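Asks: generate a structure from the sequence data that follows.
(one chain, ligands or ions: 2)
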Amino acid sequence: MARTKTKAFQTETKQLLKLMIHSLYSNKEIFMRELVSNASDALDKLRFNSLSDEGLLGDDTDLSIQVSVAPKDNKIIISDNGIGMNEDELVENIGTIARSGTASFLGNLTGDKQKDSNLIGQFGVGFYSVFMVADKVEVLTRPAKSKKDEATLWSSTGEESYKLKSSEKETRGTDIIIYLNDENKDFADKSRLKFLLEKYSQYINFPLSLNEEGEEVERVNESEALWLKPKNEISDEEYSDFYKFISYDQNDPILWVHNKVEGNNEYTNLLYIPKNPPFDLWNRESPRGVKLYIQRVFIMDDATNFLPLYLRFVRGIIDASDLPLNVSREILQEHHLVETIKKSITKRVLDALANMKDKSFDSYKSFWKEYGLVLKEGPAEDFENRELLASLMLFASSINPENDLSQTLDDYLSRMPESQDKIYYCVADTFEAAINSPHVEGHKANNTEVLMLTDRIDEWLMSSLMEYKGKELVNVAKDDIAETSKPKVSEKDEDVLAKIKKHLSDKVSDVIASSRLVNSASCLLLPKNEPGAQLRKILEAAGQNLGESNPIFEVNLKHKLLKRLATLKGKQFNAFVDFLYDYAVIAEGGSPKDPAKYLRQLDKYLS
Ligand code: ADP
Ligand code: MG
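Replies: Ligands and ions are numbered 1, 2, ... in the order given. Model (predicted):
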């Protein structure tokens with residue numbers, strides 16, 4: 001008689017179980033999805049391992065999943081003839097939460113039931129979800145290549161502990177036996193289960209069938225992988241459903257890209273862009289990437305080498321024919337075919353985005369709102385596609401008084417007069433600061449369009465792009481000798497400029513009379529090769545010491561403050577120059593070294 005061992009669940013497991021049972025019940029039906037997906041994973045593992053160990057399959061070569069329901073006993077059994085588990089593996093895999101997914105699931109819980117149950121969807125919390133509907137669960141499992149009497153029976157009521165007992169099982173693989181609790185016994189209904197399997201498990205890559213005790217077995221899913229079918233035989237709904245199946249997302253994707261490539265590097269890609277970015281889009285450690293299949297055999301999740309980092313929000317599958325079946329993450333990193341695939345699917349995704357921009361601009365605008373910032377990383381990472389990437393970018397512009405990201409560089413070019421050979425942009429922390437910047441005044445007065453950039457990454461992006469379709473990208477806050485055609489200055493004004501320069505000699509490199517300022521009295525112009533305020537912040541935050549900046553102080557001699565300055569002498573003159581300098585710093589989005597002094601001066605000059 002085999003002995004029964006009782007083991008306590010790990011603390012985190014208990015925590016998770018409690019949550020499952022008491023809080024996250026709003027979407028209970030997903031337990032079916034989770035258990036069927038585990039069965040499918042077990043079959044994938046077996047098939048993958050059998051590539052290097054032929055004895056693993058034995059005579060039992062038809063891999064499949066079987067769901068049986070016994071309404072009278074309120075019982076559901078999910079069986080697979082996959083890899084199975086020995087006792088140690090059972091303890092390791094089902095008794096503890098070692099997996100990072102579950103740990104970060106716990107870390108991300110908000111306490112809001114609705115949100116938290118959506119999180120289950122995103123993480124796929126897995127096996128434990130069964131305790132939302134069951135008051136007892138048994139796992140009877142026998143590893144591949146073991147004998148009939150080398151099976152183990154795990155059982156638990158989902159409270160403090162679970163039991164283990166050595167047992168017998170006729171076939172390889174795992175049976176999950178679910179004893180539904182009173183409240184959820186209506187899951188023991190064949191048509192309800194069929195509905196759930198069709199909803200969540202339609203695209204499982206193994207035959208999935210369902211039967212009621214004593215009745216005939218019914219096949220639930222199709223046999224052929226969706227991505228292998230010809231495009232014209234796949235409906236939009238099927239494409240969407242398949243996306244939901246692989247991503248656990250409840251929303252339809254905004255776009256998909258499906259291609260079969262033939263020749264000496266054959267592969268199929270089916271890639272999607274989710275409507276909403278994953279919550280961990282900005283977490284560099286997060287797993288991302290596509291599911292990799294080789295000749296239809298599932299190889300790995302999160303294969304990162306097939307897409308550039310700036311497309312990390314793309315989900316989907318790649319089924320390659322010519323990669324070695326024993327491929328590892330290390331091999332993927334170096335394999336020349338991977339590089340070729342990456343290049344062409346990157347191009348296809350970008351082309352699909354360009355197409356969406358041209359055909360349905362409103363959808364594209366919403367895409368840009370969610371992902372624009374990530375795409376802006378593109379030109380630095382992907383030199384080859386920089387012009388294509390630049391053409392995908394949306395900007396606010398001085399032609400529109402609203403902060404509306406709706407102008408492309410091509411729109412700008414199409415409006416540009418023939419005499420203009422540059423694309424102007426202004427970088428600031430907010431749209432209001434940009435559109436009202438003194439640097440833009442002159443351009444506005446001349447009806448010259450200026451793009452308004454407000455993302456932290458923008459200055460860096462524009463300076464790494466440098467040009468678009470042969471037109472230089474010019475930051476309006478930077479010195480451009482050709483541009484600042486200096487106005488004629490009287491001798492008296494020359495004298496004022498010299499006196500300002502003398503007083504500010506340790507702060508600015510030059511003082512010039514402005515031909516561009518209209519309403520503002522002064523502004524600071526940066527030397528062309530110096531980073532602007534925004535980029536400076538980023539570089540300094542990254543630990544670079546840039547030293548003091550040496551801007552050029554530009555003054556509007558027609559402005560009444562400058563006229564007033566000309567009437568002052570000595571100390572009073574110098575104090576007023578300090579005031580005008582702080583005024584320019586503020587206009588730049590900076591703050592004066594001594595704000596209180598600035599305000600005292602302002603008071604004084606007002607009275
Ligand atoms: P995940 O599937 O994300 O790993 P789960 O909680 O769903 O998390 O499952 C935990 C682990 O239990 C799996 O990783 C697997 O090792 C094991 N497991 C679950 N179901 C099966 C099964 N039917 N056959 C073999 N192993 C299984
Ligand atoms: Mg799972």
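Asks: would you mind writing the CA trace of the biggest helix by length in the chain as CSV?
Replies: When the chain is parsed with DSSP state H, its longest helix is helix 336-359. Extracted as CSV, the C-alpha positions of helix 336-359 are listed here (Å, rounded to 0.1, in the frame of the first residue of the first chain):
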residue,chain,number,x,y,z
HIS,A,336,22.5,34.2,-40.2
LEU,A,337,19.0,33.1,-41.3
VAL,A,338,17.5,34.8,-38.2
GLU,A,339,19.1,38.1,-39.3
THR,A,340,17.6,37.7,-42.7
ILE,A,341,14.2,36.9,-41.3
LYS,A,342,14.4,39.9,-38.9
LYS,A,343,15.3,42.2,-41.7
SER,A,344,12.4,41.3,-43.9
ILE,A,345,9.7,41.1,-41.2
THR,A,346,10.8,44.4,-39.8
LYS,A,347,10.3,45.9,-43.2
ARG,A,348,6.9,44.2,-43.6
VAL,A,349,5.7,45.6,-40.2
LEU,A,350,6.8,49.1,-41.1
ASP,A,351,5.2,48.9,-44.5
ALA,A,352,2.0,47.7,-42.9
LEU,A,353,2.1,50.7,-40.6
ALA,A,354,2.8,53.1,-43.6
ASN,A,355,-0.2,51.5,-45.3
MET,A,356,-2.4,52.1,-42.3
LYS,A,357,-1.2,55.7,-42.1
ASP,A,358,-2.2,56.2,-45.7
LYS,A,359,-5.5,54.3,-45.7
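Asks: elements contacting that helix?
Replies: strand 255-261, strand 267-273, strand 315-320, helix 361-375, helix 386-391 (3 or more C-beta pairs under 8 Å, 6 or more residues apart in numbering; DSSP states H and E). Backbone N, C-alpha and C define where each C-beta goes, glycine included.
Asks: how about JSON lines for these, with distance to ligand 2, mean pLDDT and mean neighbour count added?
Replies: Listed next are those as JSON lines, based on distance: least, C-beta to the ion, whole Å; pLDDT from 0 to 100; neighbours: other C-beta atoms under 10 Å:
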{"stretch": "strand 255-261", "distance to ligand 2": "25", "mean pLDDT": "97", "mean neighbour count": "18"}
{"stretch": "strand 267-273", "distance to ligand 2": "21", "mean pLDDT": "97", "mean neighbour count": "24"}
{"stretch": "strand 315-320", "distance to ligand 2": "17", "mean pLDDT": "95", "mean neighbour count": "23"}
{"stretch": "helix 361-375", "distance to ligand 2": "28", "mean pLDDT": "96", "mean neighbour count": "16"}
{"stretch": "helix 386-391", "distance to ligand 2": "37", "mean pLDDT": "97", "mean neighbour count": "18"}
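Asks: closest to ligand 1 out of these?
Replies: Across the helices and strands packed on helix 336-359, the minimum distance to ligand 1, taken as C-beta to the nearest ligand atom, is reached by strand 315-320, at 16.7 Å.
Asks: show residues contacting that closest one.
Replies: 225, 227-228, 243, 246-247, 253, 256-257, 265-274, 290-296, 303, 306, 337, 341, 345 (C-beta atoms under 8 Å, 6 or more residues apart in numbering).
Asks: give me the ChimeraX select line for those, limited to the buried ones.
Replies: The buried subset of those, as determined by 16 or more other C-beta atoms under 10 Å, is captured in ChimeraX by this line:
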select :225,227,243,246,247,253,256,257,265,267,268,269,270,271,272,273,274,290,291,292,293,294,303,306,337,341,345
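Asks: helices of the stretch 401-550 of the chain, start to end?
Replies: Residue ranges of the helices in the stretch 401-550 of the chain, as given by DSSP state H, counting those that start in this stretch, are 409-415, 431-435, 438-445, 458-465, 491-503, 533-541.
Asks: ok, residue 301 to residue 527 distance?
Replies: Residue 301 is 50 Å from residue 527, where distance means C-beta to C-beta, to the nearest Å.
Asks: next one: residue 412
Replies: Taking C-beta to C-beta, one finds residue 412 at 25 Å from residue 527.
Asks: settle it for me: which of those two has more neighbours?
Replies: residue 412 (21 against 13; other C-beta atoms under 10 Å).
Asks: test my guess that that one contacts residue 448.
Replies: No. In this structure residue 412 lies outside contact range of residue 448 using C-beta atoms under 8 Å: 10.7 Å.
Asks: list the buried residues for the longest helix of the chain?
Replies: 337, 338, 341, 342, 345, 346, 348, 349, 350, 353, 356, 357.
Asks: and the second one, what does it touch?
Replies: By C-beta under 8 Å, 6+ apart, the contact list for residue 338 reads 305, 306, 323, 332.
Asks: now, of those residues, which are buried?
Replies: Buried, going by 16+ other C-beta under 10 Å: 305, 306, 323, 332, out of these.
Asks: redo these as TSV? Include secondary structure, pLDDT and distance to ligand 2.
Replies: Converted to TSV, the buried ones among the contacts of residue 338 look like this (DSSP: H, G, I helix; E, B strand; the rest coil; pLDDT from 0 to 100; distance: C-beta to the ion, whole Å):
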residue	secondary structure	pLDDT	distance to ligand 2
305	helix	93	24
306	helix	96	23
323	coil	90	26
332	helix	89	23
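Asks: nearest to residue 186, of those?
Replies: Of all those, residue 306 has the smallest distance to residue 186: 43.5 Å, by C-beta to C-beta.
Asks: in the stretch 401-550 of the chain, where is pLDDT below threshold?
Replies: 479-486 (pLDDT under 70).
Asks: looking at it, which residue is nearest ligand 2?
Replies: residue 457 (36.7 Å; C-beta to the ion).
Asks: also the chain?
Replies: residue 126 (3.6 Å).
Asks: that residue contacts residue 33, doesn't it?
Replies: No. The criterion here is C-beta under 8 Å, and residue 126 misses it with residue 33 at 9.9 Å.
Asks: what about residue 278, helix or strand, and which?
Replies: Applying DSSP states H and E as the criterion places residue 278 outside every helix and strand.
Asks: quick check: it vs ligand 1, distance?
Replies: 16 Å (C-beta to the nearest ligand atom, to the nearest Å).
Asks: now do the contacts for the residue nearest to that residue when sequence neighbours are not counted.
Replies: With sequence-adjacent residues excluded and distances taken as C-beta to C-beta, 6 or more residues apart in numbering, residue 278 is closest to residue 313, at 6.7 Å. With contacts defined as C-beta under 8 Å, 6+ apart, the neighbours of residue 313 are 273, 274, 277, 278, 281, 288, 371, 374.
Asks: the first one reaches residue 314, doesn't it?
Replies: Think residue 273. Yes. The pair residue 273 / residue 314 is scored as a contact, 6.1 Å apart, by C-beta under 8 Å.
Asks: what helix or strand is residue 48 on?
Replies: helix 30-50.
Asks: buried residues of that helix, list them for me.
Replies: Those would be 30-48, 50, for helix 30-50 by 16+ other C-beta under 10 Å.
Asks: now whichever residue of the stretch 151-300 of the chain sits closest to ligand 1: how far from residue 83?
Replies: Closest residue of the stretch 151-300 of the chain to ligand 1, C-beta to the nearest ligand atom: residue 174 (3.7 Å). Going from residue 174 to residue 83 by C-beta to C-beta gives 8 Å.
Asks: what's the answer for residue 430, then?
Replies: When residue 430 is compared with residue 83 (using C-beta to C-beta), they lie 56 Å apart.
Asks: more neighbours: these two, which one.
Replies: More neighbours surround residue 83 than the other of residue 430 and residue 83, with 24 against 12 (other C-beta under 10 Å).
Asks: isn't that one up against residue 46?
Replies: Yes. Residue 83 lies in contact with residue 46 (C-beta under 8 Å); the separation is 4.3 Å.
Asks: list residues touching both of those two?
Replies: With C-beta under 8 Å, 6+ apart, residue 83 and residue 46 have common neighbours residue 144.
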